[in-house]
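just coords:
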C-alpha cells in the first residue's frame, strides 16, 4: 500500500492520508472489512510521517519542491487514440 500526505487536512487534522496505490486480491472477505483495513493502514502511516516531518525540521533541511511538467496535449491525444479501441475491447471481453 502506498499513501500520500495531503495538505491541508480535513476534520481538524493538519493533513490527510490518501491511498495512491494498492495491490492485492480478496475473494473471501467482505468489502467493509477491506475498506477498514485500508483505512487502518493509512492511519498507521501517520506516526511515521510525523516523525519524518520532525526530523526534517530539527535537521533544518527544507522540503524539496517539484514543478509539474505541462502535459503534451498532442502526445496525450495520440496515446489515447491508439489505445482506446484495444482497451475497450479488452474490458468488454471480461464483462
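Yep, that arrived. Computed from a prediction, not measured in an experiment: that's the story for all the values here.

pLDDT weak spots in this structure?
86-95 (pLDDT under 70).

Just give the number of residues close to residue 12.
Residue 12 has 5 neighbouring residues, counting by other Cβ atoms under 10 Å. For the C-beta atoms, the positions are set from N, CA and C on the backbone; glycine is no exception.

Is the most centrally placed residue in the chain in a helix, a strand, or coil?
Nearest residue to the geometric centre of the chain (Cα atoms, centre = their mean): residue 20, 1.3 Å. For residue 20, the reduced secondary structure class is strand; criterion used: DSSP: H, G, I helix; E, B strand; the rest coil.

is it true that it touches residue 2?
Yes: at 4.5 Å, residue 20 counts as touching residue 2 under the criterion of Cβ atoms under 8 Å.

rewinding a little: and the residue nearest to the centre of the chain, what does it touch?
With contact taken as Cβ atoms under 8 Å, 6 or more residues apart in numbering, residue 20 is in contact with 2-4.

who wins for most neighbours among these?
The most neighbours of any of the contacts of residue 20, using other Cβ under 10 Å, belong to residue 3, which has 20 neighbours.

ok, what's across the strand from that residue?
Legend: beta-bridge partners of residue 3 under DSSP bridges are residue 19.

so it makes contact with residue 19?
Yes: here residue 3 lies in contact with residue 19, judged by Cβ under 8 Å, at a distance of 5.8 Å.

which residues do the two both contact?
Once Cβ under 8 Å, 6+ apart is applied, the residues that residue 3 and residue 19 both contact turn out to be residue 42.
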